[in-house]
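S.K.: Sharing a sequence plus its predicted fold:
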Amino acid sequence: MHEQPVPRSEHNGEGFRYRVRYRPHRPEGEEGRTYTTVNVTNPDTSEWIVSNVPTFQPYRIIVDSVNNMGEAPILGWKIGYSGEGSK
């Protein structure tokens with residue numbers, strides 16, 4: 001999953017970072033509730049690489065921004081596939 005980073009003019013607070021959460025995506029009713037959570041502290045990054053997962057499996061992914069005062073509203077989630085974008 002590759003998106004554009006938040007412009008510096010919109011960081012609005014100390015400790016700006018991205019919180020990336022992901023979990024395997026399964027048919028409704030079979031999904032686990034546990035997400036793996038990673039804090040990405042480089043605000044200029046536009047991608048995060050997850051290693052050691054099965055190839056081409058669907059994952060539910062949430063990326064939101066957080067600073068020392070709190071978090072931004074979650075605008076939704078996406079489905080991404082392991083190995084997506086790799087060569």
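M.R.: Everything's here; your move. These figures come from a predicted structure and were not determined experimentally. Numbers count the residues shown, from 1 in each chain.
S.K.: Grab the longest strand from the chain for me.
M.R.: The longest strand of the chain (DSSP state E) is strand 58-67.
S.K.: So which bits of that strand are buried?
M.R.: By neighbour count, with 16 or more other CB atoms under 10 Å as the criterion, the buried positions of strand 58-67 are Tyr59, Arg60, Ile61, Ile62, Val63, Asp64, Ser65, Val66. For every residue, glycine as well, the C-beta is placed using N, CA and C.
S.K.: Take these and write them to JSON lines, including distance to Glu28.
M.R.: Formatted as JSON lines, those follow (distance: CB to CB, whole Å):
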{"residue": "Tyr59", "distance to Glu28": "16"}
{"residue": "Arg60", "distance to Glu28": "12"}
{"residue": "Ile61", "distance to Glu28": "17"}
{"residue": "Ile62", "distance to Glu28": "17"}
{"residue": "Val63", "distance to Glu28": "22"}
{"residue": "Asp64", "distance to Glu28": "23"}
{"residue": "Ser65", "distance to Glu28": "28"}
{"residue": "Val66", "distance to Glu28": "28"}
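S.K.: tell me the contacts of Asn42?
M.R.: Not one residue lies near Asn42 by CB atoms under 8 Å, 6 or more residues apart in numbering.
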